[in-house]
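> sequence unavailable; structure follows:
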């Protein structure tokens, strides 16, 4: 059998880390269930606890990041499985408006805050960028755990999150272009936009037609012991492809789920993918918590900035999404606006890009991560109150 | 949603690699099924094809190694789930003999070959060490795919593989001690042996009694959406613990499966873990293939050495296991002997340790990896002929 001495120690460390993260996340989830709170709160807080900020049991390294990414990929695949293409079309125009306004208002608000604090144009742009994009993963998980994942507001949120992502991708590349070269070419922006639109259109239309024509493609017995893997391969493949053209991998996973949902065998796929859905997503939520750096939030200034940025993040997203939701009934419009609030991993990724570009310093990085986690922690209880 | 530009590119690359490996492994498996060959052959050869030796699409990096490790962990957990403690006790003495003789004869044979070729004592010891330990993962997968995973010879092979691992662990640490310091302390060997025996004893006896007393521990509804995760946590936890005390992680996973098999809910656990069992193990088999370095096997000398070492590996293991299987009926004795032949990942790990210790050069490393893969490729068709 195996002899893991020196050469296998990196793998052994990863195995221990995976066990500790999964155990902590599940204990956190269990505690939150018992005190009647949304489970993902417990998973995120467990991540804060075992991460470098508190107990320092586990470092958020590359292996855990991959598990975290697969977590959000399988999460959005599951969400896609509960979403029909026609349902998305029905909310299309509203979702487009919510997505656009939900990006523009926070971006302008964040930029204005930076300017008011006397920051440079670059830093102000990054603050705006960190506020602009919603984390569909967080909101989806909450809506699914409340059993309302396929309601009209939930679909509007998902549609808006896709629009949000495409827009945010383009704006972020513009901002990175400005901060690096002092400018950005219109052609590269056009290529991004075109790639995004073509990818989503081709996958949604051609993909669902192809699966409708060859319905057995996902359940061929020879291809796996469970019949589940072809759907998993489709999910991973479209996620990887989305990432390759510069989109979020989860957009590919969501589209994969959505076209599988069009097939007859989709309930089988759903039952068989459930264990992967139970295994991977806790890594995503715990990883967000592990990235919190409490030590960089020690000063009064940092805490004030965190409080201000979080309030701004909530208000601007509520306002933008509310404006975009024109035409919906008030209660659904409110659910959509609240559902767009969590920044989750997105704010963290933007802060990471700004940090490696040398624009965002350590304190601002910690503040942005704190804001992302706080918007994520605030949302689930409010959403639950609105939907039950 | 997400904006994966620069900072997320390592994760994106990992996502693409995971997709390519899983797709290639499944296509290889499918081809082998169609031409009526054991599926794992296709997965290993797919790994050779996409690895650095041929197409160079994917590098065997740390992330893939972790997925490979989880693959063999879930594989042995599944094997454990089909194994009862009493069944193992029934084959105990034979398994012990097979394990001991199956390690000693190849170790002596490999050492003798090294000496005959004029190699140093250190190099000769590493050649012996690379030949000594069986890959329970490979054999288990083949036996399970043949539907004979819980027969008497299969249980004997598994028991022998556990003995084999404990022994090989101790001998390898002695050999590493000799090659590094010219000696080894008896106390450190005693600590290893004691740790191994205590771990296996405590887990097998106390663990199964504890689960028998609290049978609901694995199926508590509050603890997960599927009821599967407590068993997965037990598997990961015991695997990590086994690794920490210097044993193979898969020993912990196998014991975890075995004590879960004692509980009433084990068929539920088995059904729910099946998708993880479908997802992870292909990475294990493909990873073995990816580690083959065909370019280092270009010379006639290297090919001759590879042929000689492979023949020696097969004959010495057959002989040792056959001797150890004294008392079994001839056909089962032969199945056990053949089942012990694959070296798989084990030979590769030993070669890796020797390589990082500077004892094993690039050519010998490639030859040992080649031997490990060849013994693995040879075994399944023979086992199938013997069992059907």
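Thanks, I have it. None of the values given here were measured: they were computed from a predicted structure.
> what's the first-to-last distance across stretch A:117-125?
The first residue of stretch A:117-125 is 13 Å away from its last residue (Cα to Cα, to the nearest Å).
> ok, and for that stretch, which residues are buried?
A:119, A:122, A:123, A:124, A:125 (16 or more other Cβ atoms under 10 Å in any protein chain shown). No exception for glycine: its C-beta is placed from N, CA and C like everyone else's.
> so does it get close to chain B?
No: using Cβ under 8 Å from any Cβ of the partner chain, stretch A:117-125 stays clear of chain B, coming no nearer than 13.7 Å.
> avg pLDDT for that stretch?
Averaging pLDDT along stretch A:117-125 yields 89.
> give me the below-cutoff pLDDT ranges for chain A.
Along chain A, segments meeting pLDDT under 70 span A:1-8, A:177-184, A:215-228.
> of the buried residues of stretch A:117-125, which pair is most distant in space?
A:119 and A:125 (9.4 Å; Cβ to Cβ).
> run through the residues that contact residue A:327.
residue A:94 (Cβ atoms under 8 Å, 6 or more residues apart in numbering or on different chains).
> again, only using 10 Å
A:93, A:94, A:97, A:333 (Cβ atoms under 10 Å, 6 or more residues apart in numbering or on different chains).
> give me phi/psi at it?
The phi and psi torsions at residue A:327 (degrees, to the nearest 10) take the values phi 110, psi -20.
> again with residue A:288
The phi/psi pair for residue A:288 (degrees, to the nearest 10) reads phi -60, psi -50.
> which neighbours do residue A:119 and residue A:125 share?
A:111, A:359.
> picking that back up, which of the contacts of residue A:327 has the most neighbours?
residue A:94 (23 neighbours; other Cβ atoms under 10 Å in any protein chain shown).
> which other helices and strands contact the helix or strand containing it?
Secondary structure from DSSP states H and E places residue A:94 in helix A:92-116. Applying 3 or more Cβ pairs under 10 Å, 6 or more residues apart in numbering or on different chains; DSSP states H and E, we find helix A:92-116 packed against helix A:121-132, helix A:152-181, helix A:300-324, helix A:330-339, helix A:362-387.
> surely residue A:323 and residue A:337 touch.
Yes: Residue A:323 is in contact with residue A:337 according to Cβ atoms under 10 Å; the separation is 9.1 Å.
> need the overlap of contacts for those two.
By Cβ under 10 Å, 6+ apart, the residues touching both residue A:323 and residue A:337 are A:98, A:102.
> which residue of the two possesses the greater neighbour count?
More neighbours surround residue A:337 than the other of residue A:323 and residue A:337, with 25 against 17 (other Cβ under 10 Å).
> correct me if wrong: the more buried one contacts residue A:326.
No: using Cβ under 10 Å, residue A:337 is not in contact with residue A:326, being 11.5 Å away.
> near chain B, which residues of the stretch 251-388 of chain A?
Contact residues, the stretch 251-388 of chain A versus chain B (Cβ under 10 Å from any Cβ of the partner chain): A:251-254, A:271-282, A:344-346, A:348-357.
> among these, which ones are in helices?
A:251-254, A:271-279, A:281-282, A:344-346, A:348-356 (DSSP state H).
> circling back: shared neighbours, residue A:337 and residue A:326?
residue A:98.
> pretty sure residue A:345 sits against residue A:249.
No: counting by Cβ under 10 Å, residue A:345 does not reach residue A:249; the two are 11.3 Å apart.
> with adjacent residues omitted, what lies nearest to residue A:200?
Among residues not flanking residue A:200 along the chain, residue A:255 sits closest, at 6.7 Å (Cβ to Cβ, 6 or more residues apart in numbering or on different chains).
> distance of that neighbour relative to residue A:34?
36 Å (Cβ to Cβ, to the nearest Å).
> now render the helices and strands packed on helix A:92-116 as JSON lines, adding distance to residue B:192.
Below are these laid out as JSON lines (distance: least, Cβ to Cβ, whole Å):
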{"stretch": "helix A:121-132", "distance to residue B:192": "51"}
{"stretch": "helix A:152-181", "distance to residue B:192": "52"}
{"stretch": "helix A:300-324", "distance to residue B:192": "49"}
{"stretch": "helix A:330-339", "distance to residue B:192": "55"}
{"stretch": "helix A:362-387", "distance to residue B:192": "43"}
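> what's the most buried one of the ones you listed?
helix A:121-132 (a mean of 26; mean count of other Cβ atoms under 10 Å in any protein chain shown).
> report the angle between that helix and helix A:344-356.
Interaxial angle of helix A:121-132 relative to helix A:344-356 (axes from the mean of the first three to the mean of the last three Cα atoms, to 10 degrees): 170 degrees.
> ok, so what distance separates the residue of the stretch 51-200 of chain A found nearest chain B from residue B:11?
With Cβ to the nearest Cβ, the shortest gap between the stretch 51-200 of chain A and chain B falls at residue A:165, namely 3.5 Å. To residue B:11, residue A:165 is 16 Å away according to Cβ to Cβ.
> and what of residue A:263?
Taking Cβ to Cβ, one finds residue A:263 at 29 Å from residue B:11.
> please apply the same query to residue A:262.
Distance from residue A:262 to residue B:11, by Cβ to Cβ: 29 Å.
> higher neighbour count, the two?
Using other Cβ under 10 Å as the criterion, residue A:262 and residue B:11 rank with residue B:11 on top: 21 against 17.
> element containing the more buried one, please.
Assigned by DSSP H and E, residue B:11 belongs to helix B:9-34.
> following that helix, which helix or strand comes up?
That would be, after helix B:9-34 and using DSSP H and E, helix B:39-50.
> residue A:13 contacts residue B:243, doesn't it?
Yes: taking contacts as Cβ under 10 Å, residue A:13 lies within contact range of residue B:243: 9.0 Å.
> would stretch A:236-246 count as contacting chain B?
Yes: applying Cβ under 10 Å from any Cβ, one finds stretch A:236-246 touching chain B at A:236, A:237, A:238, A:239, A:240, A:241, A:242, A:243, A:244, A:246.
> whichever strand or helix holds the fifth one vs helix A:152-181, what angle?
Assigning secondary structure by DSSP H and E places residue A:240 in helix A:229-244. For helix A:229-244 and helix A:152-181, the angle between their directions (the same axes, to 10 degrees) works out to 40 degrees.
> what is helix A:229-244 packed up against?
For helix A:229-244, the packing partners by 3+ Cβ pairs under 10 Å, 6+ apart are helix A:62-81, helix A:186-201, helix A:249-261, helix A:266-279, helix B:9-34, helix B:266-279.
> make TSV out of the ones you listed and add distance to residue B:145.
TSV is the format used below for the helices and strands packed on helix A:229-244 (distance: least, Cβ to Cβ, whole Å):
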stretch	distance to residue B:145
helix A:62-81	26
helix A:186-201	38
helix A:249-261	27
helix A:266-279	19
helix B:9-34	10
helix B:266-279	12
